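Give me coordinates for this.
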Amino acid sequence: NQTAKDETNHNANLNADASVLEYSKVAVAFASRSTVQGWFTQFNNLQLERVGSPWPASQASLLLATSKQLEGSRSIEKLSATAQTLVLDNLWPLLAYLPETESYAYWRALHTVGQIKDLELNYERPAQTESPDHDPLYSVKFKFDQLGVLPISKQPGFAGFSGKVTATNASGSVVIDSKAAVIKMPNLFRASLPLDHVTGALSWTQDKQGMTLHSENIAVENTDGKLQASLQLNVPTQGEPNIDLRAVVQDFAVQATSRYLPAGIMHEHVLNWLDSAFVTGKVVNAEAILKGPLKKFPFRQQEGEFLV
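Just a heads-up that it's a prediction; the model follows:
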């Protein structure tokens with residue numbers, strides 16, 4: 001009886017696992033060869049389809065070079081990868097079979113969806129003589145379509161974002177042009193924020209002194225109104241982050257006010273009053289400025305400027 005019970009439990013676990021790894025089509029043709037730069041593998045007709053989530057036949061490649069360390073292990077010296085299409089909805093369930101660690105648990109919890117297209121990834125560990133600090137060098141660029149992740153703790157989630165990314169060790173940029181996207185911040189807002197159309201570009205630079213984020217052309221539009229914004233954010237390695245944010249809101253329907261109230265940090269009585277205070281009408285034009293050290297907001301000692 002105990003054996004039968006164990007076998008039943010084992011079959012139940014297999015069925016549960018099968019629901020995670022159920023694919024309607026798995027296909028790939030690949031060939032590997034040794035080159036002077038390392039092992040090169042070419043993948044053709046790559047498909048990993050699930051029901052309702054197709055994966056068009058695509059190509060990918062991988063160049064990998066390793067070296068033996070003093071203790072006997074091998075480390076990656078150079079990696080170059082390309083991929084025409086990666087359907088994240090179909091790849092993410094595979095993370096369930098990675099070892100249980102805090103880092104892997106975080107990535108699994110994101111439940112990332114969408115597609116990555118035209119991926120180009122390069123990683124190289126320079127020789128000690130070429131780079132005194134021996135920092136690895138990397139570059140990556142790709143397009144993303146209908147990208148989305150779930151919110152985790154205070155980290156916001158989003159869905160429906162499309163655009164492209166280009167990044168290196170020192171700098172990078174994200175260009176967004178999305179329709180029917182949403183922002184999810186359940187710790188702050190009571191409902192997802194709809195973005196009928198969002199465009200803009202965000203660039204950054206990074207060095208030993210810190211990171212600087214910059215954008216001058218963020219534009220958001222939905223049925224409640226329009227927003228245009230510019231941003232400069234300095235995050236030094238030592239010291240406090242400093243922000244310069246300027247925004248203009250046009251044609252805002254005041255009856256939608258409740259949707260945009262940061263309920264997670266508001267007093268209940270104030271929130272209740274604001275929920276019922278604005279019945280009808282429109283804000284034709286509004287401007288907002290937030291400038292100064294973020295940790296000192298709302299600048300009660302005049303450390304910065306907050307003006308609406």
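
give me the beta-bridge partners of the spatially most central residue of the chain?
In the chain, the C-alpha nearest the mean C-alpha coordinate belongs to Val149, at 6.9 Å (C-alpha atoms, centre = their mean). Note on Val149: beta-bridge partners by DSSP bridges are Phe158.

just the helices in the stretch 1-150 of the chain please.
Assigned by DSSP state H, counting those that start in this stretch, the helices in the stretch 1-150 of the chain fall at 2-20, 88-91, 102-110.

Comparing the ones you listed by mean pLDDT, which bottoms out?
Mean pLDDT is lowest for helix 2-20 among the helices of the stretch 1-150 of the chain, at a mean of 42.

quick revisit: any figure for the gap between the residue nearest to the centre of the chain and Tyr106?
11 Å (C-beta to C-beta, to the nearest Å). Heads up, the C-betas are built off the backbone N, CA and C, glycines and all.

ok, now Thr41?
Thr41 sits 29 Å away from Tyr106, taking C-beta to C-beta as the criterion.

cool, Arg50 as well?
23 Å.

which of these two has more neighbours?
Neighbour totals were compared for Arg50 and Tyr106, and Arg50 leads with 16 against 12 (other C-beta atoms under 10 Å).

gap between the more buried one and Tyr104?
In terms of C-beta to C-beta, Arg50 sits 21 Å off from Tyr104.

can you pull the contacts of Ser153?
Listed by C-beta atoms under 8 Å, 6 or more residues apart in numbering, the contact set of Ser153 reads Asn187.

just Ser80 next, same as before
Per C-beta under 8 Å, 6+ apart, neighbours of Ser80: 61-63, 121-123.

Please report the distance of it from Ala65.
Taken as C-beta to C-beta, the span from Ser80 to Ala65 is 9 Å.

Just give the nearest non-adjacent residue to Ala31, would you?
Gln42 (5.5 Å; C-beta to C-beta, 6 or more residues apart in numbering).

quick one: the one you found from Ala29, how far?
9 Å.

which one of these two has more residues nearby?
When neighbours are counted by other C-beta under 10 Å, Gln42 comes out ahead of the other of Gln42 and Ala29, with 15 against 10.

beta partners of the more buried one?
Ala31, Ser61.

Confirm for me that it is in contact with Ala81.
No - using C-beta atoms under 8 Å as the test, Gln42 is too far from Ala81 to be in contact (11.5 Å).
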